[in-house]
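Student: A predicted structure for the sequence below; I have some questions about it.
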Number of protein chains: 4
Amino acid sequence: MKNSLAEIPELANYRSGRGLIRIPMEQDVPFTPRVRAIVDTAEFQRLRQVTQLGLASKIYPGATHTRFEHALGVFLNAVRYLIQLTHDPRFSAVIDRHHAEVLMVSALLHDLGHWPYCHPIEDLNLPNMPQHEEFAGSFLQPDSELTRVLKSHWDIKPEEVLDVLVARTDSPQLRLIRSILSGPIDIDKMDYLDRDSLHAGVPYGRNFDRNRLIQSLMVNETGDGLAVSEKGKTATELMVFARYVMFSEVYWHHAVRASTCMFGRAFQELYQQWDLNWLFHQSESDMVQELRRAAEGKPVAKLLEGIFGNRRSIYKRVGEYSLVQSAELYQQLSGKRHDYLEQVVRKLAEVLTSRAGVEFDPFDLLIDAPPADREVEFKVQIYYAKEDVYRYLHDVSPVIESLAQRQFDDYVKRVRIFVNPHKRSHVPDQPELTQILLDIV
Amino acid sequence: MKNSLAEIPELANYRSGRGLIRIPMEQDVPFTPRVRAIVDTAEFQRLRQVTQLGLASKIYPGATHTRFEHALGVFLNAVRYLIQLTHDPRFSAVIDRHHAEVLMVSALLHDLGHWPYCHPIEDLNLPNMPQHEEFAGSFLQPDSELTRVLKSHWDIKPEEVLDVLVARTDSPQLRLIRSILSGPIDIDKMDYLDRDSLHAGVPYGRNFDRNRLIQSLMVNETGDGLAVSEKGKTATELMVFARYVMFSEVYWHHAVRASTCMFGRAFQELYQQWDLNWLFHQSESDMVQELRRAAEGKPVAKLLEGIFGNRRSIYKRVGEYSLVQSAELYQQLSGKRHDYLEQVVRKLAEVLTSRAGVEFDPFDLLIDAPPADREVEFKVQIYYAKEDVYRYLHDVSPVIESLAQRQFDDYVKRVRIFVNPHKRSHVPDQPELTQILLDIV
Amino acid sequence: MKNSLAEIPELANYRSGRGLIRIPMEQDVPFTPRVRAIVDTAEFQRLRQVTQLGLASKIYPGATHTRFEHALGVFLNAVRYLIQLTHDPRFSAVIDRHHAEVLMVSALLHDLGHWPYCHPIEDLNLPNMPQHEEFAGSFLQPDSELTRVLKSHWDIKPEEVLDVLVARTDSPQLRLIRSILSGPIDIDKMDYLDRDSLHAGVPYGRNFDRNRLIQSLMVNETGDGLAVSEKGKTATELMVFARYVMFSEVYWHHAVRASTCMFGRAFQELYQQWDLNWLFHQSESDMVQELRRAAEGKPVAKLLEGIFGNRRSIYKRVGEYSLVQSAELYQQLSGKRHDYLEQVVRKLAEVLTSRAGVEFDPFDLLIDAPPADREVEFKVQIYYAKEDVYRYLHDVSPVIESLAQRQFDDYVKRVRIFVNPHKRSHVPDQPELTQILLDIV
Amino acid sequence: MKNSLAEIPELANYRSGRGLIRIPMEQDVPFTPRVRAIVDTAEFQRLRQVTQLGLASKIYPGATHTRFEHALGVFLNAVRYLIQLTHDPRFSAVIDRHHAEVLMVSALLHDLGHWPYCHPIEDLNLPNMPQHEEFAGSFLQPDSELTRVLKSHWDIKPEEVLDVLVARTDSPQLRLIRSILSGPIDIDKMDYLDRDSLHAGVPYGRNFDRNRLIQSLMVNETGDGLAVSEKGKTATELMVFARYVMFSEVYWHHAVRASTCMFGRAFQELYQQWDLNWLFHQSESDMVQELRRAAEGKPVAKLLEGIFGNRRSIYKRVGEYSLVQSAELYQQLSGKRHDYLEQVVRKLAEVLTSRAGVEFDPFDLLIDAPPADREVEFKVQIYYAKEDVYRYLHDVSPVIESLAQRQFDDYVKRVRIFVNPHKRSHVPDQPELTQILLDIV
């Protein structure tokens, strides 16, 4: 069984250093004929047109890397995890060669269900959004080139991949495979923390001792998920911490959030005129073109033009509230629904208009209220060999517990007030603005 | 005079660590209001749509970085060079604050005269190509936003920038400024060697001791160009060597050349139907769309679809000739004009068709014949303080002389024969193919 | 005032890139004649003979770097901090050129009061230990070369340096200077976290965004200590976290602790035969030679020979207790005095001897019981410009609070039981050993 | 056969990430019980006392790393080369498991024949120097611990290792193994270029694309040496170039050479009073102590005290002659014997004494005349698969040819004149000094 995993051609290529292509961080990705066959399909090439970080490149000019590059990186991690896990007999006993190949293919295709600007659009919680599963499935129809390649080159059915990406059936094997693709130490984060850091030009996600973490991988107590041995505990903490830092400094950077809010508000205003399923199959630049054309001549246009137009004009932060900075406002606004926030914005626009003698329309002001859920995943077991005991990371690591329970939601995901830069000088200082807001909410 | 340079706001920001934006390689770029004003113009934002390496991203998936990012890096280097050179009294005596600001602006705008796929198109030597100066000038018309920002924020006339980028007048100051922008140790190469390496995922251009090189910068013997003190000699050699390696492994990589040849051959076939000046003002993706539409239904379409279509299909290398591999063929084909090469291709197609019993049309085969000029710039002086003597680098460094005189043209820029991958199996092995070619030429 | 700081020769050298020497992490250290004069004294050259990490090189073979190298790195940081802080007018108003020079010299000499194996010896809390002040002072006697250089080249009195290193007098200036040398974001940690990581071959202390942290430096609310602006908050968290990781994986690594315990136990047994003040003036290797000679023929010899002898024989960990692993034993043993621990060891040796039928003598077993104090320094203010408010880091960062309050003492500094490797097979498994220990304590 | 290599425990550990120790550059070295057994012998631990770069640490303060650390790095490379070469059937056909183990052990022990300050002493060409073979053999006597470990843990005879390190018998296998240990792309250089760079704090030896080079390793045409496939050609050039740069900037740095000359001159003066075989078995610090004691009170003492004494006083460079700087002097002095050079020094001392009115004794002046042999190894074959042809690197790479033929000897290894720093001000400028020298020689 173990040998049969070792003979998978992509694992062999990785070990022998043959048939590789290079991606940043000087990584060598196994590129066998059957991997090339997937990569050369229209469905996969589509990922060349989808950027990894969307609007963040407006603030970090180097962050223009694509989901195409990222997918190759995640696939490489799948290969590395598999090479490592073949040394754990409990893994090899459960995962056979076919399962391993499904995992590799799922790694390559894990972003198939993403459409352009997927995350900011999903955060809007619109009624008639396509399901991810359905959307990913549209690229895996019986007649698609990708489906044909999966069958002819890999002997894999589209349903097998979809079942990994969006859980439909259940089994210990599937849970184990899914935990490799999605969890606190998954191959996706293992790639994007480093890759996003590199292209953004920041050091944050680049030093969490990846090698040590991979060397310590094993199967968890119940045999249906990833765990790490004791020697990987600190590396795991570093990876969770790196994710916090990336949120704090990049993903949730105030100007990145400003652009994201601008986009979200505009999309919300305009989306009803399209069949979303059709719209989401467009390329990133085609979708933007559609949106800008639809906004033309309307007040909402300034939001899209500020982001995508010839003259950049990102809204400015005039107020910012974490739990420690203003508990009352933070609790009043975070996690609130869009209609409530728009009501607050309208009232705020009225107050400012009458105070400043300058007209504020409802698109001149935006409130960024983070969704309520806590995003730091941390449920992972550490195995203590001397005592033959598995313990949860958060039970043996107070910092991880703090990060998960408090730091992330209460300090990183702040409530922010953004304003049209042309009207910034007519907004009072934060303390005064805070008072006005407290009167409104 | 020296102080006046030191007080330039961008130099002050760099030193104090304030008002910076980050780009890859963890670089902090001074971002004063007047720099932001240039960056936010439509003319500069256009560089977001132009990739730095064009078709190389088809082979190195991470190499999708833009000229926008690169321009910021070159500008940062201008600031670093200026900070260093203010310590050389012969520099401060010649370059006043206004000159220094013209240099900085020229660094930001040095790629203004580039259009999409500029390099492969220029190599075609087409008759009615726009001049670079004229093209750059089109973004610096009196009514352009960029022109207005240069005047209002920098007190710089467009002609001053154009005169730096495309020499029209002459003076020691201008020669000195131009040598900072273009020469063997210029701020452009200093950026792109490292940046291209990083995004491509290769180590080659990333370790040439940039700091030491900058620390050793000084003015040359005649006061009109850059030189380095003796302590920077090895760093200079390393930089020239790094450029050779980047050509060998990335810029002139066989598959990158295959794509470039495919593009060039298609462009040559189609270009006469457009006003080139109009075409070159389009974005990269718009130009590609124009070309693909024009090729639709014609034999040439397979070249463009192979590069840009949904299914990647890059031509394969079947023959490769450096001076040492086949002196005769190399000398017969390198540096030859396009009409001659097309004639060879037609004859080769005929021979192969009759041999293989499979039809080769003239677009199934391509010859990549490097232009004749030697590209390694190496004319730079080294100053030996103990002897108070300036010597040319190539006089004190045999490896640089070899690199410049022989290695580059004779070994890196090989003549290559590419073939449509669908017909690859009908082409004989290299030794046989070589014989066929020798009979033809 | 500001200019007068800027004109300090070492700051000028750093900026102009002249007169530098190189140390690892590709750092350029300003090396003016007066710095060289200090470095070339016998008192400073002594630091070439003192390793930075002592016994850690027995486990991390690359960690043989010296306090000489480290001192140069701390001095470089002093220069960088000063360059940055000259941009804060509240700093320049308080610290004049002479103060700044005292800081630089103190940075170079900050380890003057260290003797070989200083930390493990101090942890023994022996009665007649020399005071650090007194010990450092012995190198700054009126007739010492170092004293003469400080006077002739720097116009600095030895007392001024001693007063910085070991507080005797008090003033806001001195507190500010001392906070640069010793505190959560001091120039000492800023150097050793990175340097120790590099030489040990681990990534842990190498990614805390040093540049961003330095760029955000400023004076605290009361004008007598370092603080950082809001943009440096995450970098500060990263640095504190990096320190935790270095403790967890290097400084408090079980085998490093085993060697340290062995050394400490032997020193405790032998120290009374020397005048400690004399002994501590010896070089590291001379001190080791003294100790080994004194131990010759006695049972304690095996401890020293296991570390320093021709055959390495480091004691093995047989039990390990953090708060979560065994609260009772942890609380019973951590922070206890040596005589109590030796009593436990004696009883344990008896039990094991009778159980195993093999003689355990009191030097075959060691208990490593961490001292009670909490070591993570975290008292640093963050300045929020929008609100014009200073807040303490631990008030706005739950992870830092956790780290300082719980993680460090309760999870990193575990109680450990070590045994002579030749008798390891006669010690029961941890669960059984735990039971035996619980019966004893 | 292939499998039997793959099952070597050290190769298995490397692949599975278990049983590793860490050394700088974040490398994980397989540390099986039988490797530990070798490392823990007195003969191997001796390497902890021998620094890798000897006197270079006087100029590069971080370069204090030991041959112990380096030996582990070379051993790691042996493992990596073996893992790679098992994919070349021509390798596996010749090298069986026992040969592979002999290679690994030889890698660990390749510096066994080195004594302290080996290189500067060897350059003196003294009459009664011990042979390397004999010297290495003294640690492999029948009764040595190392010999016992080799037998009991590895089933290897001491003669087998000695035969690899110092060729006595001949066979294709042995030539192949030796070419892995010593040649232009050997595992020794592969380690020290990077390791020396890291600890010295310079970037030079750190970018030669190690992974690509290892991936391209194969057996040469005649089956008795290393070669690389075409894809490794540039990486090989980079490695040869890196070695040139390290010589130019570190190993042959003028101040490193000054110390080396001082040491060599003193050793030459004093060596006859010891049995060299005995002396060379001392540790580095013991040998220095011997030398200093023997020099006490004699004029030669200032050379040793300047290097090792409490006050550093390295001789200063007052003249420097490469072929291009002064062909006549260069040719007259380079490669000359010591008695001739001492004669020149005596005459020069006389001239300077009479000119300056200050006494120059024969130890106040030193001439560094590089030995005549060319040190850049470059004989390595490149395999061109398309043509199925092996070509020598220097035949396809003009830069390598230049480097080997001219650059190294004529430009890096300069003739230098050093003077006691206390008398430096009495030596004329280089042009005048040159004239004086030309009159003498």
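Tutor: Right, received. Where do you want to start?

Student: Tell me the residues on the stretch 1-150 of chain A that lie near chain B, please.
Tutor: With the criterion set to Cβ under 8 Å from any Cβ of the partner chain, the stretch 1-150 of chain A comes near chain B through A:21-27, A:39-42, A:45, A:59-62, A:64-66, A:68-69, A:72, A:145. The way it works is simple: take the backbone N, C-alpha and C, and place the C-beta from them, glycine included.

Student: Going by neighbour count, which of those residues are buried?
Tutor: Among the residues of the stretch 1-150 of chain A next to chain B, those classed as buried by neighbour count (16 or more other Cβ atoms under 10 Å in any protein chain shown) are A:21-27, A:39-41, A:45, A:59-62, A:64-66, A:68-69, A:72, A:145.

Student: Narrow those residues to those in strands?
Tutor: Here DSSP state E is the test, and those give A:21, A:22, A:23, A:27 as lying in strands.

Student: Let me know the pLDDT of the last one.
Tutor: The pLDDT attached to residue A:27 in the predicted structure is 96.

Student: According to the record, where do the domains of chain A fall?
Tutor: Under automatic domain parsing, the residue ranges defining each domain of chain A are A:5-252+A:381-407, A:254-370+A:414-440.

Student: Show me where the stretch 301-441 of chain A has its helices.
Tutor: Along the stretch 301-441 of chain A, counting by DSSP state H, counting those that start in this stretch, helices occupy A:301-308, A:327-333, A:338-356, A:393-396, A:398-402, A:430-440.

Student: out of those helices, nearest to residue C:280?
Tutor: Ranking the helices of the stretch 301-441 of chain A by proximity to residue C:280 (Cβ to Cβ) places helix A:398-402 first, at 37.4 Å.

Student: Spell out the residue ranges of the strands in the stretch 101-250 of chain A.
Tutor: Counting by DSSP state E, counting those that start in this stretch, the stretch 101-250 of chain A has strands at residues A:217-219, A:226-229.

Student: I should have written the stretch 251-400 of chain A there, sorry.
Tutor: According to DSSP E, counting those that start in this stretch, the strands that the stretch 251-400 of chain A contains are A:316-321, A:365-368, A:381-384, A:389-392.

Student: Take the ones you listed and write them to TSV, including mean pLDDT.
Tutor: Shown next, in TSV, are those (pLDDT from 0 to 100):
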stretch	mean pLDDT
strand A:316-321	94
strand A:365-368	96
strand A:381-384	96
strand A:389-392	95
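
Student: Throw those strands into TSV and include mean neighbour count and distance to residue C:307, thanks.
Tutor: Formatted as TSV, these follow (neighbours: other Cβ atoms under 10 Å in any protein chain shown; distance: least, Cβ to Cβ, whole Å):
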stretch	mean neighbour count	distance to residue C:307
strand A:316-321	21	55
strand A:365-368	23	58
strand A:381-384	20	28
strand A:389-392	15	32
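
Student: Redo the ones you listed as a markdown table? Include distance to chain C.
Tutor: Formatted as a markdown table, the strands of the stretch 251-400 of chain A follow (distance: least, Cβ to the nearest Cβ, whole Å):
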| stretch | distance to chain C |
| --- | --- |
| strand A:316-321 | 7 |
| strand A:365-368 | 16 |
| strand A:381-384 | 8 |
| strand A:389-392 | 7 |
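
Student: who wins for proximity to residue C:99 among those?
Tutor: Of all the strands of the stretch 251-400 of chain A, strand A:316-321 sits nearest to residue C:99, with 36.6 Å by Cβ to Cβ.

Student: Can you name the residues in contact with the closest one?
Tutor: The contact list for strand A:316-321 (Cβ atoms under 8 Å, 6 or more residues apart in numbering or on different chains) reads A:254-255, A:258, A:329-330, A:333, A:414-419, A:421, A:424, A:427, A:430, A:433-434, A:437, C:386.

Student: Show the contacting residues for the residue of the stretch 251-400 of chain A found nearest chain C.
Tutor: In the stretch 251-400 of chain A, the residue found nearest to chain C is residue A:398; the distance is 4.1 Å by Cβ to the nearest Cβ. Taking Cβ under 8 Å, 6+ apart, we find residue A:398 in contact with C:402, C:403, C:405, C:406, C:407, C:410, C:411.

Student: In the stretch 201-350 of chain A, which residue sits nearest chain C?
Tutor: For the stretch 201-350 of chain A, Cβ to the nearest Cβ, closest residue to chain C: residue A:207, 3.4 Å.

Student: Nearest residue to the residue of the stretch 1-150 of chain A at minimum distance from chain D in space, please, no chain neighbours.
Tutor: Taking Cβ to the nearest Cβ, chain D has its nearest neighbour within the stretch 1-150 of chain A at residue A:17, 3.1 Å off. Nearest residue to residue A:17 in three dimensions, chain neighbours excluded: residue D:215, at 3.1 Å (Cβ to Cβ, 6 or more residues apart in numbering or on different chains).

Student: Perfect, I'm done here.
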